[in-house]
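*Asks:* prediction below, plus the sequence it came from.
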Amino acid sequence: KQAQDKIKQLAFYDSLTGLPNRRLLHDRMTQAINQSTKNYSYVAVLMLDIDKFKTINDSLGHKAGDELIKHISRLLTKFVGSGNTVARLGADEFIVVLSSVKDIKEVVYFAENLLAQIRLPIEIEGGAVSVTTSMGVSLCPMDGDEGDDLLRCADLAMYHAKAEGRNNFQFYTREMNEKALAQLDIERRLKVAIQNNCFELYYQPQVDLKTNEITKAEALLRWTHPELGFVSPADFIPIAEESGIIIELGDWILQEACFQAREWHEAGLDIRVSVNVSSVQFKQTNLVDNVKNALELSELPKHLLELELTESAVMSDVEDNIGRLQMFKDMGIRIAVDDFGTGYSSLSYLKKFPIDTLKIDRSFIMDIDTNENDAAIVKAIMLLADTMQLNVVAEGVETLEQLRIIDNYGAQYIQGYFFSRPLPPAEFTKFVTEEFADKSTWKLDLIG
Ligand code: C2E
Ligand code: CA
Ligand code: CA
C-alpha cells in the first residue's frame, strides 16, 4: 500500500513542492472545463513565471532557488482557495486553474492581487529577496475548450507579459486586455477620488403618504470625475466592491450621512437617512463598530439612521445574519431590505429577521399600470409586509398613474422621480421646506 501511494505520488505530483504535475493538471483542467460548461461559467488558466529566476539561482545558489519555488508554491496554494488548482510545470513555471468564474473581473482582481502578494519581500537563506512574476491568462470558452489550447494561449500571453516589462499580467486576447485595463483604471481613479474627497452624497426624499410629510431620505453616492464626467454608482460600486475599496468608501458614506442628518436635526428637520450597505461591508466584522463610531462622532440620535441591505445580501448566510442584524437592532438602528422581490427570500426566515422595512424594487413599479403580474406581486408584497408589521417603501414611482395605483394598494412610503430625484443637501432642505407643498396636493389634483 505504501509503495502504491509512493508510485501515485511520483506519477502525479511534483517532488519539490508536492503540487500536481502536468499529468494531474490535465485531469483537473478537463474537470473544470466540464463543470463550467454545465454551470455556464468560465475557466481561467493562468501561467506564472518568476521574473529573472535564473539570476536568483545563479547568484544565491540552487538551495535558495528551491526555497523560493517552495515559498511561491505555498503562497499560490493559500491564495487560490479550495476548488481551484495550482500545478508546477517547469523550473519556475506555475499554473493556476480557476474554475466556475462568473465574471472576468474576478480574474482581473485575482491576478492583480497575486502580483502584489508575490512582490512582497521574503526571507530566504537569511536575506531578504523580492521577486516579481509575469502572468498570462487564457479563458475557456473564449480561447478554447481543451486543456492544451488553454495552456498554449496562456503561454503566449505570458510571453507578452514579459515583453511588456514583466511584473504584470496579460490576457490572450487584446479585447480582454482592454477590458481588464479599464477595470483597473477605474479602480485607480476611485482610490485617488477617496483621497481627494471627490465623492458627494445626494438625498432622495421618501414621502409618507399617511401624513403627507417627508421624514425619510435615501443617501445615494455621486462621483464626478474631472475627465470621465459623471460616473453612475451602478458602474463603479461593483468595482469598488471587488477591489475592497468599498470598505473605506462605505465608512465615509456612513459618517457623511450621519453628519448630514445631524445637521438637519439641529435645524429642526428630523430626516431619517437610509444608508446603502454593500454585502462586502456587511460581511466585515467591524461594521458594527464603524456604525457606532459614526453615530458617536456625529452625535446623531440613533433612530434617525437606517441601513439598507439588499435582499440577496440578507438571505445569504441567514443564520449568521440574524445575529448580525440583531446587533444593529439592539443599538436602535432601523434596517431596510432593498431591491425586495428581485432575489429570493425564504419567508420563514423573513419572519425571524429583525427588520423594519421592505423596499419594493423599481422593476415591479415601472410597469405596474400595464403589467398584471407586476401589480399582483406588488400587492402580495404589501400584504406580506402588513401581516408582518413591516413598513413598505415603493421605489421608482415616476408617474401619477403609478402613484395612484400604489396608493390604492395602501403603500405608505414613496420614493421616486415623481416627487423628486436625489438632491444635494441644500436643495433637499429647500425641497422639503418649500417645494414639496406644491407636489403634495397630487391627490386633490387627481379628483379636481
Ligand atoms: P438602489 O439602492 O436601489 O438605489 C435606488 C436607485 O434608483 C438610485 O440610483 C436612484 O437614483 C434610482 N431611482 C430612484 N427613483 C427613481 C425613479 O423614479 N426612476 C428611476 N429611473 N430611477 C430612480 P443611483 O443613485 O444611480 O444608484 C444606483 C445603485 O448604486 C443603488 O441602487 C445602489 O445599489 C448603488 N449605490 C448608490 N449609492 C450607494 C452607496 O452609497 N453605497 C452603496 N453600497 N451602494 C450605493
Ligand atoms: Ca438602496
Ligand atoms: Ca433599491
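*Replies:* Thanks, I have the structure now. Ligands and ions are numbered 1, 2, ... in the order given.
*Asks:* show me the strands in the stretch 201-350 of the chain, by range?
*Replies:* Along the stretch 201-350 of the chain, counting by DSSP state E, counting those that start in this stretch, strands occupy 213-225, 229-231, 272-276, 305-310, 334-340.
*Asks:* tally of neighbours for I56?
*Replies:* Other residues within reach of I56, judged by other Cβ atoms under 10 Å, total 18. C-beta: built from backbone N, CA, C; applies to glycine.
*Asks:* low-confidence bits of the stretch 151-300 of the chain, can you list those?
*Replies:* The model of the stretch 151-300 of the chain has no residue with pLDDT under 70.
*Asks:* show me which residues of it are close to ligand 3?
*Replies:* Counting by Cβ under 5 Å from the ion, no residue of the stretch 151-300 of the chain lies close to ligand 3.
*Asks:* and the residue most central in space within the chain, what does it touch?
*Replies:* Geometric centre of the chain, nearest residue: E241, 3.4 Å, by Cα atoms, centre = their mean. Applying Cβ atoms under 8 Å, 6 or more residues apart in numbering, we find E241 in contact with S278, S279, V280.
*Asks:* so which of those also contact ligand 1?
*Replies:* Contacts with ligand 1 within the contacts of E241, as defined by Cβ under 6 Å from any ligand atom: S278.
*Asks:* buried among the contacts of E241? Make that a ChimeraX selection.
*Replies:* Those of the contacts of E241 that count as buried under 16 or more other Cβ atoms under 10 Å are selected in ChimeraX with:
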select :278,279,280
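*Asks:* which members of the contacts of E241 occur in helices, if any?
*Replies:* Among those, the ones falling in helices (DSSP state H) are S279, V280.
*Asks:* okay, the contacts of E241 in CSV with distance to A375 next?
*Replies:* Formatted as CSV, these follow (distance: Cβ to Cβ, whole Å):
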residue, distance to A375
S278, 31
S279, 30
V280, 34
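*Asks:* on that earlier part again, kindly reformat the strands of the stretch 201-350 of the chain as JSON lines containing mean neighbour count.
*Replies:* Below are the strands of the stretch 201-350 of the chain laid out as JSON lines (neighbours: other Cβ atoms under 10 Å):
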{"stretch": "strand 213-225", "mean neighbour count": "20"}
{"stretch": "strand 229-231", "mean neighbour count": "11"}
{"stretch": "strand 272-276", "mean neighbour count": "23"}
{"stretch": "strand 305-310", "mean neighbour count": "23"}
{"stretch": "strand 334-340", "mean neighbour count": "23"}
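*Asks:* format these as a markdown table; extra columns: distance to ligand 1.
*Replies:* What follows is the strands of the stretch 201-350 of the chain, written out as a markdown table (distance: least, Cβ to the nearest ligand atom, whole Å):
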| stretch | distance to ligand 1 |
| --- | --- |
| strand 213-225 | 4 |
| strand 229-231 | 10 |
| strand 272-276 | 4 |
| strand 305-310 | 6 |
| strand 334-340 | 5 |
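*Asks:* minimum distance to F79: which of the ones you listed has it?
*Replies:* strand 305-310 (28.2 Å; Cβ to Cβ).
*Asks:* just checking, what packs against that closest one?
*Replies:* Under the contact criterion of 3 or more Cβ pairs under 8 Å, 6 or more residues apart in numbering; DSSP states H and E, strand 305-310 touches helix 245-266, strand 272-276, helix 279-283, helix 287-298, strand 334-340.
*Asks:* check which residues of the longest one are buried.
*Replies:* Judged by neighbour count using 16+ other Cβ under 10 Å, the buried positions of helix 245-266 are 245-247, 249-251, 253-258, 260-262, 264-265.
*Asks:* and what of the fourth one?
*Replies:* Of all the residues in helix 287-298, those buried under the rule 16+ other Cβ under 10 Å are L287, N290, V291, K292, A294, L295, S298.
*Asks:* the third one and L305: what is the separation?
*Replies:* The one in question is V291. Here the criterion is Cβ to Cβ, to the nearest Å. By it, V291 lies 8 Å from L305.
*Asks:* can you list residues touching both of the two?
*Replies:* I333.
*Asks:* could you report the neighbour count for K210?
*Replies:* 10.
*Asks:* with K352 instead?
*Replies:* 14.
*Asks:* so what's it up against?
*Replies:* I322.
*Asks:* start the count at 805, not 1, going forward
*Replies:* New numbering, starting at 805: the last item is K1156.
*Asks:* relative to L1207, how far out is it?
*Replies:* Using Cβ to Cβ, K1156 is found at 33 Å from L1207.
*Asks:* nearest to E950 among the buried residues of helix 1091-1102?
*Replies:* Set against E950, the nearest of the buried residues of helix 1091-1102 by Cβ to Cβ is L1091 (44.8 Å).
*Asks:* got a list of what the closest one touches?
*Replies:* The contact partners of L1091, by Cβ under 8 Å, 6+ apart, come to V1081, Q1085.
*Asks:* please apply the same query to E910.
*Replies:* By Cβ under 8 Å, 6+ apart, the contact set of E910 is L902, E1046.
*Asks:* if we can go back for a sec, and the helices and strands packed on strand 1109-1114: which comes nearest E1238?
*Replies:* Using Cβ to Cβ, these put helix 1049-1070 closest to E1238, at 14.8 Å.
*Asks:* flag every residue of the chain that's near ligand 2.
*Replies:* N1080, E1112, D1142.
*Asks:* what's opposite the second one in the beta bridge?
*Replies:* Taking DSSP bridges as the rule, E1112 bridges to N1080, A1140.
*Asks:* centre of the chain to the helix or strand L829 falls within, how far?
*Replies:* Assigned by DSSP states H and E, L829 falls within helix 826-842. Its chain's C-alpha centre and that of helix 826-842 lie 28 Å apart, by Cα atoms, centre = their mean, to the nearest Å.
*Asks:* same question, stretch 806-821
*Replies:* Distance, centroid of stretch 806-821 to centroid of chain: 41 Å (Cα atoms, centre = their mean).
*Asks:* for it, C-alpha coordinates in CSV please.
*Replies:* This file holds the C-alpha atoms of stretch 806-821, laid out as CSV (Å, rounded to 0.1, in the frame of the first residue of the first chain):
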residue,chain,number,x,y,z
GLN,A,806,2.8,2.4,0.9
ALA,A,807,4.6,1.6,-2.3
GLN,A,808,1.4,2.2,-4.2
ASP,A,809,1.0,5.6,-2.6
LYS,A,810,4.6,6.4,-3.4
ILE,A,811,4.1,5.5,-7.0
LYS,A,812,1.0,7.6,-7.3
GLN,A,813,2.8,10.5,-5.6
LEU,A,814,5.6,10.2,-8.1
ALA,A,815,3.3,9.9,-11.1
PHE,A,816,1.0,12.8,-10.4
TYR,A,817,2.8,15.2,-8.1
ASP,A,818,5.9,17.4,-8.3
SER,A,819,8.6,16.1,-5.8
LEU,A,820,9.9,19.5,-4.7
THR,A,821,6.6,21.2,-3.9
